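*Asks:* Any chance you could fold what I've pasted below:
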Amino acid sequence: MNSCSSKSPTMKMPVRLLRHPADRRTSCFARRLRIYRYLLAISLAVFANHSHSVSQEIDINEFAKTQAKNLSLAFQNASSKTMKSVVTVLAKRADVDSTLDELDLLDANSARNFNIGSGVIINASGLCVTNNHVIKDSKGIRVRLGDGRELSGTDLRTDPSSDLATFRIESDSTLPFVTLGNSDRLGVGDWVIAIGSPFALEQTVSVGIISSKGRALNRMVEGQLLQTDAAINPGNSGGALIDLEGELVGINTAIMTTNGAFQGVGFAIPSARVKWITSELAQYGKVRRAKVGLRVERMTQTLADELKLPVRGGVLVTRITADGPAQKAGLEIDDVILEIAQQQVFTPEDFRSVVEQLPADKSYPVKLIRDSEHITLEITPVISDS
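*Replies:* Alright, predicted model coming up:
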């Protein structure tokens, strides 16, 4: 019999906790639960991400529609602000029978009897500006306002070289007029709106952008022009080009076309030039233009490279009038003019546009390059007789 107190040799056995079968089932369930929770978390994350993407797409669509509506509202507001001051101009043709009733403007023969264009009222006294080619050689002018009234145009004054003309509308009541904007502040890509009477379709609105600035159509219109892709067609001539503020930034004057209709390239006289021309016509009955007695051309690529200037970095003097302002100021042929009257000139059109608007009998600095040396001279323009 083994005594309770007897001792047996010590044996080292691996220790292993014995688990009840129910404990093992609980462990498996816990693992599965963790897996399910993990998969659920992934599913929720995927769903949440998808929902966010859908929500984000909806938000973007709503944002885009809101922006489009806002732009549409801007077009509407600008157009409604200006439209009443844009008129249809009917200039009686010189070759029409003088006995024809000038009031017969709604007749089917109107297009045969009248040159039909557009005009813009620019002040409260009824001063209206249009294109010279609209009223050229006309026997009389009448206008049709947006409200349907037909009124006479008087005191016609013209400036053929800029293709601008002004006249006054006779009315017993106050006339709507547009605010002159600053075309110099326009940038390429800015929205603009054209309003006029293309093909005699009155109060027509088209929208586009400024495609370029400083364009030249020397054989047609002097001065720098705005280029736009806002649709302009025959009848738009003399009409308004406005910005989103509803201010006049140009007078539509020409299109570049191969078939007589608009093909995406239209031209307008900038409001800065319109302001100057109309002021001259109002004060003097003609436009006084300054001259400096020289001719300039674009620089060649070779000369530009030699002077380390861009090709449009100045203009080259090619002719100087004897005893003219340029000769008296000391300018020489082959001088490269960079600035005149503190305004940079990049092209011959720039130069002519700056010079013609300078008040005469006053000296202005001319910055130029001569034999690679920078020089500043003083020049005093005179008023041209022609």
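*Asks:* quick one: least confident helix or strand in the protein?
*Replies:* helix 110-113 (a mean of 64; mean pLDDT, DSSP states H and E).
*Asks:* How about Glu170: what's its closest non-neighbour residue?
*Replies:* Among residues not flanking Glu170 along the chain, Ser152 sits closest, at 5.1 Å (CB to CB, 6 or more residues apart in numbering). From N, CA and C alone the C-beta is placed, and that goes for glycine too.
*Asks:* Could you report the neighbour count for the one you found?
*Replies:* By the measure other CB atoms under 10 Å, the count of residues near Ser152 is 15.
*Asks:* where along the stretch 1-150 of the chain do the helices fall?
*Replies:* Applying DSSP state H, counting those that start in this stretch to the stretch 1-150 of the chain gives helices spanning 21-82, 110-113, 132-135.
*Asks:* and if you look at the stretch 251-386 of the chain?
*Replies:* Counting by DSSP H, counting those that start in this stretch, the helices of the stretch 251-386 of the chain are 271-284, 301-307, 325-329, 348-356.
*Asks:* Which residues does the shortest one contact?
*Replies:* Around helix 325-329, the neighbours that count as contacts under CB atoms under 8 Å, 6 or more residues apart in numbering are 291-294, 317, 320-321, 366, 377-382.
*Asks:* Partner strands of the strand ranked longest in the chain and their direction?
*Replies:* Of all segments of type strand in the chain, defined using DSSP state E, the longest is strand 204-217. Its sheet considered, strand 204-217 pairs with strand 191-196 (antiparallel), strand 221-228 (antiparallel) by DSSP bridges.
*Asks:* Dump these to JSON lines, plus mean neighbour count.
*Replies:* Output for the strands paired with strand 204-217, formatted as JSON lines (neighbours: other CB atoms under 10 Å):
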{"stretch": "strand 191-196", "mean neighbour count": "25"}
{"stretch": "strand 221-228", "mean neighbour count": "24"}
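*Asks:* Compare these and give me the one nearest Ile255.
*Replies:* Of all the strands paired with strand 204-217, it is strand 221-228 that lies closest to Ile255, at 10.0 Å by CB to CB.
*Asks:* pLDDT of that closest one, averaged?
*Replies:* Here strand 221-228 scores 89 as its mean pLDDT.
*Asks:* tell me the angle of it relative to helix 348-356?
*Replies:* 120 degrees (axes from the mean of the first three to the mean of the last three CA atoms, to 10 degrees).
*Asks:* Export the strands paired with strand 204-217 as a markdown table, with columns for distance to Ile251.
*Replies:* Formatted as a markdown table, the strands paired with strand 204-217 follow (distance: least, CB to CB, whole Å):
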| stretch | distance to Ile251 |
| --- | --- |
| strand 191-196 | 10 |
| strand 221-228 | 10 |
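*Asks:* Out of these, flag the one nearest Asn61.
*Replies:* strand 191-196 (22.7 Å).
*Asks:* Check the offset of the closest one from the chain's centre.
*Replies:* 9 Å (CA atoms, centre = their mean, to the nearest Å).
*Asks:* what does stretch 162-182 give?
*Replies:* Worked out by CA atoms, centre = their mean, stretch 162-182 lies 22 Å from the chain centre.
*Asks:* now Gly223: how far from Pro359?
*Replies:* As for Gly223, its distance to Pro359 is 18 Å (criterion: CB to CB, to the nearest Å).
*Asks:* Pick out the residue nearest the middle of the chain.
*Replies:* Ile210 (3.0 Å; CA atoms, centre = their mean).
*Asks:* How about the contacts made by the closest residue to it other than its chain neighbours?
*Replies:* Once flanking residues are discounted, Ile210 sits nearest to Asp190: 4.9 Å by CB to CB, 6+ apart. Contacts for Asp190 (CB under 8 Å, 6+ apart) come out as 209-210, 243.
*Asks:* export the residues you listed to JSON lines and tack on distance to Phe167 and pLDDT?
*Replies:* Below are those laid out as JSON lines (distance: CB to CB, whole Å; pLDDT from 0 to 100):
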{"residue": "Ile209", "distance to Phe167": "31", "pLDDT": "96"}
{"residue": "Ile210", "distance to Phe167": "28", "pLDDT": "96"}
{"residue": "Asp243", "distance to Phe167": "25", "pLDDT": "96"}
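*Asks:* from these, which is closest to Val178?
*Replies:* Asp243 (11.2 Å).
*Asks:* which stretch among the helices of the stretch 251-386 of the chain comes nearest Ile340?
*Replies:* Ile340 lies closest to helix 348-356 among these, at 5.8 Å (CB to CB).
*Asks:* now that closest one and helix 271-284, what's the angle there?
*Replies:* Using the same axes, to 10 degrees: helix 348-356 against helix 271-284 is 30 degrees.
*Asks:* And helix 348-356, how far out from the chain middle?
*Replies:* On CA atoms, centre = their mean, the centre of helix 348-356 falls 21 Å from the chain's centre.
*Asks:* Is Ala165 in contact with Val129, as I believe?
*Replies:* Yes. Look at Ala165 against Val129 with CB atoms under 8 Å: they come within range, at 7.2 Å.
*Asks:* The two: which has the busier surroundings?
*Replies:* Ala165 (29 against 25).
*Asks:* mind listing what that one touches?
*Replies:* Ala165 neighbours (CB under 8 Å, 6+ apart): 129-132, 134-135, 156-159.
*Asks:* which among those residues gets closest to Ser353?
*Replies:* Closest to Ser353, out of all of those and judged by CB to CB, is Asp159, at 14.4 Å.
*Asks:* so the closest one makes contact with Val287?
*Replies:* Yes. Asp159 lies in contact with Val287 (CB under 8 Å); the separation is 4.7 Å.
*Asks:* what sits in contact with each of the two?
*Replies:* Joint contacts of Asp159 and Val287 (CB under 8 Å, 6+ apart) are 277, 280-281.
*Asks:* Give me the buried subset of the residues you listed.
*Replies:* Using 16 or more other CB atoms under 10 Å as the burial test, the shared contacts of Asp159 and Val287 include 277, 280-281 as buried.
*Asks:* wait, what's in contact with Thr318?
*Replies:* Neighbouring residues of Thr318 by CB under 8 Å, 6+ apart: 295-297, 333.
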